[in-house]
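Novice: sequence and predicted model, in that order:
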Amino acid sequence: METILNNKMTPESVDLLNQQADTARRSDIVLAMEISKESITISKELQYKEGLAKATFNAGICCRLASNFETALQYYEEAMLLYREIGDRKGVSRTLNSIANVYLNLSNFPKAIEYFDECIYVLETIGDIDFEATVLSNRGLACQQFGDFDSSLKNYLQSLSLSLSSKKEIPYFLYNNIGIMYLEIGNYRTALKYFNFALKIEEKNKFIIEE
């Protein structure tokens, strides 16, 4: 990895590293983690809290993707403190959602739902409808795995409603999950309707495995 530690350190250097970590994470978690750690080091040297918050958040994501959940939570908690200190509510909301997803991975569904609820509250205060739709879908999954099918279906339908109102592209899995919930409660006709919605999306995208 080409380093910029020996070059002149600036906040722009940190921002660039954070962008590189975002890109690298899609194909190389180890590289993304190395870049995030470098960004953390430079951010601390510069006392650049915005960059440090993002770099720490990125490190948490890398750890979660590597199933290192305990360390991921440590990074997320540090990022949360930084985002709150600088008044970045968008950053707070993304971190809350990520913490909730860690607890979802750990099958601690009540704790996941608690963090999803806090995240939704923050999103409502800033009017971020697009991401609220995503978090509601995540909360629906937590309720589904917890066995609370009524709450799960309610969250999925709320997510769908927000996505439609904001003209956000609907992911196939949201329709599919709604279908599963209607299947669980015995409403087979409605379940088939949503399964068909999901199928049409994947046929259009030519994703054979999902089909």
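Specialist: Structure received.

Novice: and G87, how many neighbours does it have?
Specialist: Close neighbours of G87, defined as other C-beta atoms under 10 Å, add up to 8. (Glycine included, C-beta is placed from N, CA and C.)

Novice: roughly how far apart are it and T190?
Specialist: Going from G87 to T190 by C-beta to C-beta, to the nearest Å gives 44 Å.

Novice: contacts for the lowest-mean-pLDDT helix or strand in the chain next, please.
Specialist: Sorting the helices and strands of the chain by mean pLDDT, DSSP states H and E puts helix 188-205 at the bottom, at a mean of 92. Here helix 188-205 makes contact (C-beta atoms under 8 Å, 6 or more residues apart in numbering) with 170-173, 175-176, 178-180, 182-183, 210-211.

Novice: what's the farthest-apart pair in those?
Specialist: Using C-beta to C-beta, the pair of the contacts of helix 188-205 lying farthest apart is Y182 and E211, separated by 19.9 Å.

Novice: between the two, point out the one with more neighbours.
Specialist: The residue with more neighbours, out of Y182 and E211, is Y182; 21 against 13, by other C-beta under 10 Å.

Novice: got the angle for the strand or helix carrying the more buried one vs helix 188-205?
Specialist: Element membership for Y182 (DSSP states H and E) is helix 172-184. On the basis of axes from the mean of the first three to the mean of the last three C-alpha atoms, to 10 degrees, helix 172-184 is oriented at 160 degrees to helix 188-205.

Novice: which elements pack onto helix 172-184?
Specialist: helix 129-146, helix 149-165, helix 188-205 (3 or more C-beta pairs under 8 Å, 6 or more residues apart in numbering; DSSP states H and E).

Novice: hmm, 6 Å instead?
Specialist: For helix 172-184, the packing partners by 3 or more C-beta pairs under 6 Å, 6 or more residues apart in numbering; DSSP states H and E come out as helix 149-165, helix 188-205.

Novice: now do that helix: everything it contacts.
Specialist: 137, 149, 152-153, 156, 190-191, 194-195, 197-198, 201-202 (C-beta atoms under 6 Å, 6 or more residues apart in numbering).

Novice: apply 8 Å and report the result again.
Specialist: Contacts of helix 172-184 (C-beta under 8 Å, 6+ apart): 137, 140-141, 144, 149, 152-153, 156-157, 159-160, 163, 188, 190-195, 197-199, 201-202, 205, 207, 210.

Novice: drop anything exposed from these.
Specialist: Among these, those buried by neighbour count (16 or more other C-beta atoms under 10 Å) are 137, 140-141, 144, 149, 152-153, 156, 159-160, 163, 191, 194-195, 197-199, 201-202.

Novice: buried ones in stretch 113-131?
Specialist: Neighbour-count burial for stretch 113-131, counted by 16+ other C-beta under 10 Å, picks out I113, E114, Y115, F116, E118, C119, I120, V122, L123, D128, F131.

Novice: likewise for stretch 153-172?
Specialist: By 16+ other C-beta under 10 Å, the buried positions in stretch 153-172 come out as 153-156, 158-160, 162-163, 168, 170-172.

Novice: from the middle of its chain, how far away would it be?
Specialist: How far stretch 153-172 lies from its chain's middle: 16 Å, per C-alpha atoms, centre = their mean, to the nearest Å.

Novice: and that stretch, average pLDDT?
Specialist: Throughout stretch 153-172, pLDDT has a mean value of 93.
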